[in-house]
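1. structure here, sequence nowhere to be found:
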């Protein structure tokens, strides 16, 4: 009996939500989960470049941390190519190949 009353209230308030409310709540959630881009020093950038070169030459599994639009992502795979013209690397993972912009990379870890 009590479960029906609680459920009825939930249904009532959900039905009263306007699309504008949902949109504002989604914006609020995005702002709440936003992460600032980490500032990398020259030493860290050089270390990442060396790690990318080692991973490319040894063809080992590599974890690449990227930042894009306030979200950090970790991608794994083998670095197949380094495209200087488009300033990106080509990462081969089990789901296919993908291009990652060098400007988006915030960390590299080669798994030997």
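-> Alright, I've got the coordinates. For clarity, every value in this text was computed on a predicted model and none was experimentally measured.
2. look up how far residue 44 lies from residue 32.
-> 28 Å (Cβ to Cβ, to the nearest Å). C-beta coordinates here come from the backbone N, C-alpha and C atoms, glycine included.
3. Three-state assignment for the residue nearest the centre of the chain, please.
-> Centroid-nearest residue in the chain: residue 73, 2.4 Å away (criterion: Cα atoms, centre = their mean). Classification of residue 73 using DSSP: H, G, I helix; E, B strand; the rest coil returns strand.
4. can you check residue 92 too?
-> strand.
5. tell me who's in contact with it.
-> Each residue near residue 92 by Cβ atoms under 8 Å, 6 or more residues apart in numbering is listed here: 77-80.
6. got the domain ranges for this protein?
-> Per the record, the chain has its domains at 2-32, 42-111, by automatic domain parsing.
7. any idea which of these is most buried?
-> Per-stretch averages of neighbours, counted by mean count of other Cβ atoms under 10 Å, single out domain 42-111 among the domains of the chain, with a mean of 14.
8. so how far is that one off the chain centroid?
-> From the chain centre to the centre of domain 42-111 is a distance of 13 Å (Cα atoms, centre = their mean, to the nearest Å).
9. what's the mean pLDDT across it?
-> Domain 42-111 shows a mean pLDDT of 94.
10. end to end, how far does that domain reach?
-> Start-to-end span of domain 42-111 (Cα to Cα, to the nearest Å) is 23 Å.
11. which strand or helix spans the closest residue to residue 48 other than its chain neighbours?
-> Distances taken as Cβ to Cβ, 6 or more residues apart in numbering place residue 108 nearest to residue 48, at 4.9 Å, with adjacent residues excluded. Counting by DSSP states H and E, the element that carries residue 108 is strand 105-111.
12. now do residue 54
-> In this assignment (DSSP H and E), residue 54 forms part of helix 42-58.
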